[in-house]
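**Q** A predicted structure for the sequence below; I have some questions about it.
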Amino acid sequence: MNIAIISASVRIGRRSHRIALFFKNYIIENNLAAVDLLDLNEYKFPIFEERLSNMKDPPPKAVQFAEKIKSADGVIIVTPEYNGGYPASLKNAIDLLYKEWKRKPVALATASNGQFGGAQVTTSLVFSLWKIGVCLVPAMYPGPEVQDSYNEAGIPTDKERTEKRAGIFVEELLWCIHQIKGEPV
Ligand SMILES: Cc1cc2nc3c(=O)[nH]c(=O)nc-3n(C[C@H](O)[C@H](O)[C@H](O)COP(=O)(O)O)c2cc1C
């Protein structure tokens with residue numbers, strides 16, 4: 001089992017990346033799957049000009065990103081909320097690919113520095129992902145007060161409560177992956 005985690009914030013001093021690190025650690029420590037952390041801050045994709053499949057000479061990093069999404073059994077997107085929506089870096093990455101997203105089980109983890117954990121992102125992000133054909137996992141993981149709830153390494157302040165919520169969320173993703181593959185759960 002291979003889970004790709006997309007860390008969507010490329011902001012200087014970003015905090016939501018802590019949640020991406022938390023999920024990476026949680027999944028590996030609990031032997032749930034192998035994890036590929038796809039950090040959009042490392043990919044640094046330019047503003048969208050064309051889909052990867054239509055590029056004559058695609059950048060190797062974009063090809064590698066596409067291959068990682070294609071080969072992942074499921075994807076967790078960790079995104080901050082910016083002005084009620086999701087960041088341009090994430091739209092850029094979604095639009096870059098097409099067939100790689102088709103029927104891909106995708107679960108959403110959101111983050112904000114407020115109480116609501118970036119949950120309003122789902123209003124726009126769910127629609128974009130539905131349009132591109134992913135299989136959205138019917139669970140979400142809001143990350144409120146991200147600056148105080150995880151340290152730089154992704155270690156949660158309240159480990160027990162955070163891992164309990166994460167467990168329910170990841171279990172839903174794994175269930176969807178097994179269902180889509182037609183495997184016994
Ligand atoms: C441009 C911008 C817009 C933001 N809009 C919201 C918002 O609508 N709601 C919210 O709860 N937090 C908002 N925030 C604060 C983020 O929740 C905060 O930066 C948090 O740490 C997650 O983003 P990060 O991963 O980039 O740090 C905004 C931050 C920025 C930079």
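**A** Thanks, I have the structure now.

**Q** C-alpha from now on. contacts and neighbour counts both.
**A** OK.

**Q** the helices in this structure, which residues?
**A** 17-29, 40-43, 60-71, 88-96, 121-132, 146-149, 159-181 (DSSP state H).

**Q** Mind listing residues that contact the third one?
**A** Under the contact criterion Cα atoms under 8 Å, 6 or more residues apart in numbering, helix 60-71 has outside partners Asn2, Ala4, Asp36, Leu38, Tyr43, Phe45, Leu52, Val75, Leu97, Glu100, Trp101.

**Q** what separates that helix from the chain centre, distance-wise?
**A** 15 Å (Cα atoms, centre = their mean, to the nearest Å).

**Q** again with the fifth one
**A** Taking the mean of its C-alpha atoms, helix 121-132 sits 13 Å from the chain's own mean (Cα atoms, centre = their mean).

**Q** quick one, that helix and helix 88-96 angle?
**A** Here helix 121-132 runs at an angle of 10 degrees relative to helix 88-96 (axes from the mean of the first three to the mean of the last three Cα atoms, to 10 degrees).

**Q** To Ala109, which of the helices of the chain lies closest?
**A** Nearest of these to Ala109, taken as Cα to Cα: helix 17-29 at 8.1 Å.

**Q** quick one, longest strand in the protein?
**A** Looking across the chain with DSSP state E, the single longest strand is strand 135-143.

**Q** Give me the below-cutoff pLDDT ranges for this protein.
**A** In the prediction, the chain carries no residues with pLDDT under 70.

**Q** what does this protein put close to the ligand?
**A** Counting by Cα under 6 Å from any ligand atom, the residues of the chain lying close to the ligand are 9, 11, 14-17, 80-84, 111-114, 118.

**Q** Among these, name the ones in strands.
**A** Members of the residues of the chain next to the ligand lying in strands (criterion: DSSP E): Pro80, Ala111.

**Q** could you flag which of the residues of the chain next to the ligand are buried?
**A** Using 16 or more other Cα atoms under 10 Å as the burial test, the residues of the chain next to the ligand include Ser9, Arg15, Ser16, His17, Pro80, Glu81, Ala111, Ser112, Asn113, Gly118 as buried.

**Q** circling back to that earlier point, please work out which of the helices of the chain is packed deepest.
**A** With neighbours defined as mean count of other Cα atoms under 10 Å, these peak in mean count at helix 17-29, which reaches a mean of 20.

**Q** Next, the angle from that one to helix 159-181.
**A** Using the same axes, to 10 degrees: helix 17-29 against helix 159-181 is 70 degrees.

**Q** need the contact list for the residue sitting nearest the centre point of the chain.
**A** Centroid-nearest residue in the chain: Ile77, 1.2 Å away (criterion: Cα atoms, centre = their mean). Neighbouring residues of Ile77 by Cα under 8 Å, 6+ apart: Ile5, Ile6, Ser7, Ala8, Val106, Ala107, Leu108, Ala109, Thr110.
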